[in-house]
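Student: With the input below, show me the fold.
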Amino acid sequence: MTDYQSSHYGHPVPDVSKPFQLRCPDNTDLWRIPPSTDRGNTPHIYRTVAASDFKSAKVTVSGPWTKLYDQGGLCMIIEIPGAKQNKWIKTGIEMLNGKPRVSVVGTDTWSDWSLHPVVAADKVSATIEMVVEHDHLWVYLLGDDGERHPMREITWWNALPKDAECKVGVSAARPASEGGELIVHYKDFIISA
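Tutor: Residues are numbered from 1 along each chain as shown. Okay, the predicted model is just below:
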């Protein structure tokens, strides 16, 4: 527990070994698109591991998703010594067109985004996993029935330098500039490194 830290989070780091929540103010996001949008103020609870040691991370996330782009889930910020920008991957629930969806955003130079329908019976939660397989990073959505739905293969993972460090954990965001605080719930959180 003591090796977990936080950024952009004005509350004590929760005990992540049992169900916990993250309080997220509005006007927060993690998103980088041309020509000049570069936002990175999402509350993030994480532990730092060498990219070469990371094996997997998994969590179940849920929340009262109401505003466009409300989101929460796994988040990995990748810091490369000497690089001008971090790389990152986030995956979890994200609200779009009035429905919670399962999303993956991968950011090398710029962010890209993919979406999948929620498969959980409650329609507001998702169990997601990031796993290193065959030198690539895979993102999976786990169904209530145990089925692993492949969501994305991050192929640039195996090109990371040996000294890259990953801040692996959970994050939440409410990009809307109104709506107040979003409280996101997490359980069964585990990192293998």
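Student: where does the chain have its least confident helix or strand?
Tutor: Least confident element among the helices and strands of the chain, by mean pLDDT, DSSP states H and E: strand 37-40 (a mean of 92).
Student: Could you list the buried residues of that strand?
Tutor: residue 40 (16 or more other C-beta atoms under 10 Å). C-beta: built from backbone N, CA, C; applies to glycine.
Student: Using PDB, list the CA coordinates for that strand.
Tutor: Taking Å, rounded to 0.1, in the frame of the first residue of the first chain, the C-alpha atoms of strand 37-40 are listed here in PDB:
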ATOM      1  CA  THR A  37      -4.800  20.300 -27.200                       C
ATOM      2  CA  ASP A  38      -2.700  18.700 -24.400                       C
ATOM      3  CA  ARG A  39      -4.700  18.100 -21.200                       C
ATOM      4  CA  GLY A  40      -3.300  16.000 -18.300                       C
END
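Student: Give me the helices and strands touching that strand, please.
Tutor: strand 30-33 (3 or more C-beta pairs under 8 Å, 6 or more residues apart in numbering; DSSP states H and E).
Student: one step back: paired strands for the least confident helix or strand of the chain, with orientation please.
Tutor: Here strand 37-40 has these sheet partners by DSSP bridges: strand 30-33 (antiparallel).
Student: List of residues touching the strand it pairs with?
Tutor: Contacts to strand 30-33, defined as C-beta atoms under 8 Å, 6 or more residues apart in numbering, come from residues 37-42, 75, 85, 88, 90, 105, 107, 110-111, 171, 173, 175.
Student: Just the buried residues from those residues, in PyMOL please.
Tutor: Remark: buried members of the contacts of strand 30-33, expressed as a PyMOL selection using 16+ other C-beta under 10 Å:
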select buried, resi 40+42+75+88+90+105+107+111+171+173+175
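Student: so of the contacts of strand 30-33, which ones are in strands?
Tutor: 37-40, 75, 88, 90, 105, 107, 111, 171, 173 (DSSP state E).
Student: Of those, just say which sits nearest to residue 69.
Tutor: For the ones in strands among the contacts of strand 30-33, the residue nearest residue 69 by C-beta to C-beta is residue 173; the value is 7.2 Å.
Student: List the residues that contact that closest one.
Tutor: Residues near residue 173 by C-beta under 8 Å, 6+ apart: 24, 28-30, 42-43, 69-72, 182.
Student: That one pairs with what?
Tutor: Going by DSSP bridges, residue 173 forms beta bridges with residue 71.
Student: Show which residues not belonging to the helix or strand encompassing residue 131 make contact with it.
Tutor: For residue 131, the element it lies in under DSSP states H and E is strand 125-133. Strand 125-133 is contacted from outside by 54-62, 73-74, 76, 89, 91-93, 102, 118-120, 137-142, 148, 151, 157, 188, using C-beta under 8 Å, 6+ apart.
Student: can you rerun that using 6 Å?
Tutor: 55-58, 60-62, 73-74, 91-93, 102, 138-142 (C-beta atoms under 6 Å, 6 or more residues apart in numbering).
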